[in-house]
Every structure is written in structure tokens, then in C-alpha cells.
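>>> sequence below, structure please.
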Amino acid sequence: MSRATVPQHLHSAQHLHSALRALRIRKGLTQSELAQRGGVVDATISRIERGRLHPSTAVIVRLAAALEVSVESLVEGQSPPPESTARPSIARLVAIVDRLDDASVDDITRGLKLLLAAGRRTDGRE
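As a prediction, this is how the structure comes out:
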């Protein structure tokens, strides 16, 4: 099956709205960021995710490419791994940190621990 075509039996809004939202969050993207990457306006993403708009095949193909998934994954509504249940802010953070090397992640972890400890001291919790 080509990435450029969506068979009619898969071109169903039944799972598309939830799959789009889950994949967007899993990638750590806001609706605005996905819209920009997919070449659509922000409202389009919102309307698709709420099940109020069924996008054209061309839009589905562009959104799948923007999410770096196959068209089939998007339209079939394949469930993302359990990590996608994280708050959107955490998913965005994970997506950023995931691109870094281990040494950078270690540096960021140490820095966060220092910031959190300093915050507890100023709140009188330590």
C-alpha cells in the first residue's frame, strides 16, 4: 500500500480523530506545531481531533508525514504505546529529551534536581 493513497475502506473518521491526537501528543507536538508541519491551519487539527472534520486524502497523507508514521497507522487508529497517556506537557518534554545524547540527558537531570531542591528550600519544605 502506497503512502500516497488511502484505500476507501480505511478512509474512515471512526479512529482518525483519536489516533491523530494520540500520535500528536506522543510526538510532543502542539496542535499548532502539527498544523504547521502538515501545511494546514490550527483549526483543522482541532476539528479533526474532535471528530468534526473528515480530512481529504491529501491532508491525511501530509499529517502522516508530519507525524512520521504511515498513513495506515494514522487511519487505522493503531494504539500508541502506554506512554501516550502522559500529560501533553510531559510528552513534549520526553520528545525533546529523547533526541539528546546520554551525557546531555544526565546534565539536564542533575540541573533539574538542583532546581527542584532549591525550590523546596525557598518554599520552606526542607
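>>> do a quick rundown of the helices in the protein.
Secondary structure of the chain (DSSP state H): helices located at 13-26, 31-38, 42-49, 57-67, 71-76, 88-97, 102-122.
>>> worst-scoring helix or strand of the protein, pLDDT-wise?
Across the helices and strands of the chain, mean pLDDT, DSSP states H and E gives its lowest value to helix 88-97, namely a mean of 80.
>>> which other helices and strands contact that one?
Using 3 or more C-beta pairs under 8 Å, 6 or more residues apart in numbering; DSSP states H and E, the elements in contact with helix 88-97 are helix 13-26. All C-beta spots, glycine's among them, are computed from the backbone N, C-alpha and C.
>>> chain center to the helix it packs on: distance?
Offset of helix 13-26 from its chain centre (C-alpha atoms, centre = their mean, to the nearest Å): 9 Å.
>>> which non-adjacent residue is nearest residue 105?
Excluding its sequence neighbours, the residue lying closest to residue 105 (C-beta to C-beta, 6 or more residues apart in numbering) is residue 97, at 5.8 Å.
>>> residues near the one you found, how many?
For residue 97, the count of nearby residues is 13 (other C-beta atoms under 10 Å).
>>> against residue 64, how distant is it?
24 Å (C-beta to C-beta, to the nearest Å).
>>> what score does residue 30 have for pLDDT?
The per-residue pLDDT reported for residue 30 equals 88.
>>> show me the domain layout of the protein.
Here the domain assignment for the chain is 8-85, 88-122, based on automatic domain parsing.
>>> flag the shaky bits of this structure, pLDDT-wise.
Scanning the chain for pLDDT under 70 picks out 1-14, 77-86, 123-126.
>>> residue nearest the centroid of it?
The centroid of the chain falls nearest to residue 24 when counting by C-alpha atoms, centre = their mean (2.1 Å).
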